[in-house]
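Asker: My questions are about this predicted structure, shown below with the sequence.
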Amino acid sequence: MRRSAALLSTAALVAGVAAAPGAAPAGAHPPRCGGYVGLTFDDGPAAGTTRALLMALQRAGLRATMFNTGKNVEADPDLARAQLAAGMWIGNHSWDHPFMTQLTPDEQASQISRTQDVIRRVTGVVPDLFRPPYLDTDDALRAVQRQFGLTEINTDVDSRDWDDASVDDIVASVGRMQAGDVILMHDWPANTIAAIPRIAEDLRRRGLCAGRISPVTGRAVAPDHRALGAAHTAGRVEDRGAAVRYTWPGVYFEGRFRGTSVGIALDDAVNDYEIQVDGGASVNLVRPGRTTHWINGLTAENHSVRVAKRTESPWAAGQFGGFVAGPGGTLLGRPAPRSRQIEFIGDSWTAGYGNTSTERDCTGNGGVDRNSNANQSFGALTARTLDADYQINAWSGRGMVRNYNGGDPGTDFRTWYDRTLQAAGDEPWRPRGWRPQVVVVGLGINDFSTPLNPGERWTDEAALAADFRAAYHGFLDKLRDRYGPRTRIVLTYPSLGNTTALADAVEQVVAERADRRVRSLHYDNAALGLDLLGCDWHPSARDHELLAGALTPVLRNLI
């Protein structure tokens, strides 16, 4: 949550909040923190109490998360800015504090969106945490929260300050907190404000520090915690600091640590993951939800850890909150990026659709998602053989100008290619530090593998092929403008049993480019011996190894 010095100074003066002489600065903590706890205050900002609460927190050297109602932020915008200036974090607590489960989904969305909008407009902050009023929640409400990229934060300890708890009772509640816990308090009770100095003393005595709340795990972490602070990734991710969000298949995170255990913070109820420690046997996580997954029982030495997204989720973003060192251990520095970079662009073949299935009909053995593993697709296998960082920017069923069987007309792969989060967000991808030596494009199967249907905009296959070629040239121009003249581009295509239009179109595009750094590669299904035993006649795991075997020597000579 970035803010300029001018904003801090102005907001503090407007709100009448200033640190007391000799007080610890906001966020200060003892040299050693045995853990972090999340202090939270609901229902603000309030004209009669917020200034006093912020002054007490600053004097005690504490930071906290303020779950504000949108109505109060609109009424007292200077107080919301003062919260931020005092070093606090801001969360969403609905517009006017209703019982959310008694509202319709549209009403719930309005409560949340209006509050998001006013907090962003007033403070520049876009909250990523939501606390339902009265802690009243259910799965339907959580689904609405996810539409706004929000993580629900309930509580581990309830101070009951809303029920006239005494100062002693509030301090005793804090005394029950353990590392990672979150406590519920409120902006308005006088006893809560009076308890702040003793709360700070209790935490210091027990070696605990006030931290921020991770939007991935919902647990308290260090104020300066960054998901990528000790993790390397080359994938397209939306970096929110404490967490990163992503949708493209095969996104991976790598880290190093010393100790006997490591945790992986994830918040994802949609995707599956593959985890490896020291390059050993993989562990699969199926839709882990909001969790820190622990790997224990390791030897007390240095280790590497890698977690990769197996499945596709163009409409839903997963979240990674970083690696966590186990007891007595420590995270080591972020692994250095590799000198080689390869980008793979394509459809279901590139995404590893159904590749771990041994049956073409996989409805009875887990379905497509449980049988897909982008981390074992031909692109991932090729890149790891060549010791290259890579992106797998693929979307099943999408084509260059036409999707599978003419579906979803008016959109195609190019509609979404420039986005960080595919259909889960509209932010453009800005490739900082990403300049691949080679781009492998595998589009066109969906354009030509099914016959044209009545009502589609092409009169015949020749018209489709002409449109395909023109679009391909435009797409290659985009890649060339983005990555420069030195990047090699390989246009790949498999054999299609129903037509040679794809092969003819790709070869014509290459010939027309008159660019020695653009070439084609035909995956001859019969010559390679592909069995296509994956789901719905897709390449199997064995086939992906064969495809990687065909692609790797080509790229080795280019990279």
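Answerer: Received the coordinates, thanks.

Asker: which residues pair with the nearest residue to Trp162 once chain neighbours are set aside across the strands?
Answerer: Counting by C-beta to C-beta, 6 or more residues apart in numbering, Trp162 lies nearest to His186, which is 5.6 Å off, once chain neighbours are set aside. Backbone N, C-alpha and C define where each C-beta goes, glycine included. Per DSSP bridges, the residues bridged to His186 are Asp42.

Asker: what number of residues lie near Val510?
Answerer: Neighbourhood size, Val510 [other C-beta atoms under 10 Å]: 18.

Asker: Also Ile342?
Answerer: Ile342: 27 neighbours (other C-beta under 10 Å).

Asker: show me the contacts for Trp429.
Answerer: Residues near Trp429 by C-beta atoms under 8 Å, 6 or more residues apart in numbering: 236, 418-420.

Asker: Make a ChimeraX selection of the buried ones in those residues.
Answerer: Provided next is the ChimeraX selection string for whichever of those are buried by 16 or more other C-beta atoms under 10 Å:
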select :236,419,420
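
Asker: which of the contacts of Trp429 sit farthest apart?
Answerer: Using C-beta to C-beta, the contacts of Trp429 span at most 10.2 Å, a distance reached by Arg236 and Asp418.

Asker: can you put the contacts of Trp429 in CSV and add distance to Asn191, pLDDT and secondary structure?
Answerer: Shown next, in CSV, are the contacts of Trp429 (distance: C-beta to C-beta, whole Å; pLDDT from 0 to 100; DSSP: H, G, I helix; E, B strand; the rest coil):
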residue, distance to Asn191, pLDDT, secondary structure
Arg236, 48, 97, coil
Asp418, 53, 97, coil
Arg419, 49, 97, strand
Thr420, 46, 97, coil
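
Asker: Among the contacts of Trp429, which one sits closest to His544?
Answerer: Nearest to His544 among the contacts of Trp429 is Arg236, at 21.7 Å by C-beta to C-beta.

Asker: Under the pLDDT cut-off, which ranges of the stretch 1-150 of the chain? List them.
Answerer: The stretch 1-150 of the chain contains residues with pLDDT under 70 at 1-32.

Asker: all strands of it, in order?
Answerer: Listed in chain order, the strands of the stretch 1-150 of the chain (DSSP state E, counting those that start in this stretch) span residues 35-44, 65-68, 89-92, 129-130.

Asker: Packed most tightly, which of those strands would that be?
Answerer: strand 65-68 (a mean of 28; mean count of other C-beta atoms under 10 Å).

Asker: From the rest of the structure, what touches stretch 541-559?
Answerer: Counting by C-beta under 8 Å, 6+ apart, 340, 342, 349, 352, 355-356, 373, 376-379, 381-382, 385-386, 388, 437-438, 440, 488, 490, 492, 521, 523, 528-534, 539 sit against stretch 541-559.

Asker: Just the ones in helices from these, please.
Answerer: 349, 378-379, 381-382, 385, 528 (DSSP state H).

Asker: Quick one: which of the residues you listed is the most crowded by neighbours?
Answerer: Top of these by neighbour count (other C-beta under 10 Å): Gly379, with 31 neighbours.

Asker: Just confirm Gly70 contacts Val118, I think it does.
Answerer: Yes. Using C-beta atoms under 8 Å, Gly70 makes contact with Val118 at a distance of 4.7 Å.

Asker: Figure out how far stretch 503-519 is from the centre of its chain.
Answerer: Centroid separation between stretch 503-519 and its chain, computed with C-alpha atoms, centre = their mean, to the nearest Å, is 36 Å.

Asker: Other residues contacting that stretch?
Answerer: With C-beta under 8 Å, 6+ apart, stretch 503-519 has contacts from 444, 448, 465, 468-469, 472-473, 476, 485-491, 493, 495-496, 520, 522.

Asker: tell me which element the residue positioned nearest the centre of the chain is part of?
Answerer: With distances taken as C-alpha atoms, centre = their mean, the residue of the chain nearest its centroid is Arg245 (1.3 Å). Applying DSSP states H and E as the criterion places Arg245 in strand 244-246.

Asker: What average pLDDT does that strand get?
Answerer: Averaging pLDDT along strand 244-246 yields 96.

Asker: The next helix or strand after that strand packs against which elements?
Answerer: As assigned by DSSP H and E, the chain's next helix or strand after strand 244-246 is strand 252-259. Contact here means 3 or more C-beta pairs under 8 Å, 6 or more residues apart in numbering; DSSP states H and E; on that basis strand 252-259 packs against strand 231-232, strand 301-309, strand 318-325, strand 330-331.

Asker: quick one, the second one and strand 252-259 angle?
Answerer: So that's strand 301-309. Per axes from the mean of the first three to the mean of the last three C-alpha atoms, to 10 degrees, the angle that strand 301-309 makes with strand 252-259 is 160 degrees.

Asker: Walking through the stretch 351-500 of the chain, point out its strands one by one.
Answerer: Ranges of strands within the stretch 351-500 of the chain are 388-394, 438-442, 488-494, based on DSSP E, counting those that start in this stretch.

Asker: for the protein, what's the longest helix?
Answerer: The longest helix of the chain (DSSP H) is helix 461-483.

Asker: Got the confidence number for the residue nearest to Trp162?
Answerer: Model confidence at His186 (pLDDT) stands at 98.

Asker: If you rank every helix and strand of this protein by mean pLDDT, what lands last?
Answerer: Least confident helix or strand, the chain: helix 5-15 with a mean of 32, by mean pLDDT, DSSP states H and E.

Asker: about what we covered before: could I get the strands of the stretch 1-150 of the chain as TSV with distance to Cys209?
Answerer: Formatted as TSV, the strands of the stretch 1-150 of the chain follow (distance: least, C-beta to C-beta, whole Å):
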stretch	distance to Cys209
strand 35-44	5
strand 65-68	14
strand 89-92	14
strand 129-130	19
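
Asker: can you pull the buried residues of stretch 46-53?
Answerer: 46, 49-53.

Asker: wait, which of these is closest to Arg63?
Answerer: So of those, ranked by how close each gets to Arg63 (C-beta to C-beta), first place is Leu53, at 12.4 Å.

Asker: Quick check: the gap between the nearest residue to the closest one once chain neighbours are set aside and Ile170.
Answerer: Once flanking residues are discounted, Leu53 sits nearest to Ile193: 5.2 Å by C-beta to C-beta, 6+ apart. For Ile193, the distance to Ile170 (C-beta to C-beta, to the nearest Å) stands at 10 Å.

Asker: now swap in Asp267 and tell me
Answerer: Asp267 sits 30 Å away from Ile170, taking C-beta to C-beta as the criterion.

Asker: Quick one: neighbours of the nearest residue in space to Gly34 that is not next to it in sequence, just the number.
Answerer: By the measure of C-beta to C-beta, 6+ apart, the closest residue to Gly34 outside its immediate chain neighbours is Gly207, 3.6 Å from it. Each residue near Gly207 was counted by other C-beta under 10 Å, and the total is 13.

Asker: per-residue confidence at Gly207?
Answerer: 94.
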